[in-house]
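Chemist: this one's sequence-less:
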C-alpha cells in the first residue's frame, strides 16, 4: 500500500479511544455537513442521529449502504469526468495501482450551493492534498466553519511539504483545534 497513516499517531488515537472527537461539533438541525469519502456512511449517519442536520454523503463506490440520507455516488475531485482508482475493499485511492474507474465531479460545484457549511469531513486516501488546494485556491474554504481531515502518508510523495503548504494557507482563516498528525485533525474558522 502506498497510502497509509502515521503509526504513532494512530496508536495514540486508538489507545486513548479518541474516535469521539470526530463527532463533537456545535451542530444544529439547520446546518449542512458534507462527508467526502463517506465509505459506508457511518460518519454521516452518526451526525444525522446526533444533530439532525442535513448531511450529504459523497462516495464513488457502492459501499455507501449504511446511510439512507442524501448521497452523491461520485468522487469529489477537481473536475467533472472519470478518475482511475486502486485500493482494497475498504478504501479507494488514486495513488494506488489502478484497477477501476469512477465518475468524479468538481467539488466546488457542490460547495458553492451553500452560503455556510458547518462541517466538511474529508477522508479520500491521499486525494485530500489536491482537493484542499482546489477548495482554498477558489476561496471556498471561508464558507466552511469546520474541516475534519484525514491527511495520509503517501509513499514517495513529499507529504510533509504538501501538508505544510495547505496548513499555512488554511491558517489564514481557520485555527487548528486538535491534531493527530497523518491520522485525523480538525480546523475551525476564526
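Modeler: Yep, it's here. Computed from a predicted model, the values in this text were never measured in an experiment.

Chemist: From residue 17, how far off is the residue nearest in space to the middle of the chain?
Modeler: Centroid check for the chain by Cα atoms, centre = their mean gives residue 122 as the closest residue, at 0.3 Å. Distance of residue 122 to residue 17, computed by Cβ to Cβ, to the nearest Å: 23 Å. From N, CA and C alone the C-beta is placed, and that goes for glycine too.

Chemist: same deal with residue 142?
Modeler: According to Cβ to Cβ, residue 142 and residue 17 sit 33 Å apart.

Chemist: Make sure residue 102 is actually in contact with residue 74.
Modeler: Yes: using Cβ atoms under 8 Å, residue 102 makes contact with residue 74 at a distance of 6.7 Å.

Chemist: intersection of neighbour lists for those two?
Modeler: residue 60 (Cβ atoms under 8 Å, 6 or more residues apart in numbering).

Chemist: hey, which helix is longest across this protein?
Modeler: Among the segments of the chain that qualify as a helix by DSSP state H, the longest is helix 159-170.

Chemist: mean confidence for it?
Modeler: Helix 159-170 carries an average pLDDT of 98.

Chemist: Return the set of buried residues in that helix.
Modeler: Of the residues in helix 159-170, 159, 162, 163, 166, 167, 170 count as buried by neighbour count, 16 or more other Cβ atoms under 10 Å.

Chemist: And stretch 102-121, by the same measure?
Modeler: Quick answer for stretch 102-121 (16+ other Cβ under 10 Å): 102, 104-108, 110-111, 114, 117-121.

Chemist: same deal with stretch 39-54?
Modeler: Here stretch 39-54 shows 39, 40, 41, 43, 44, 45, 47, 48, 51, 53, 54 as buried, counting by 16+ other Cβ under 10 Å.
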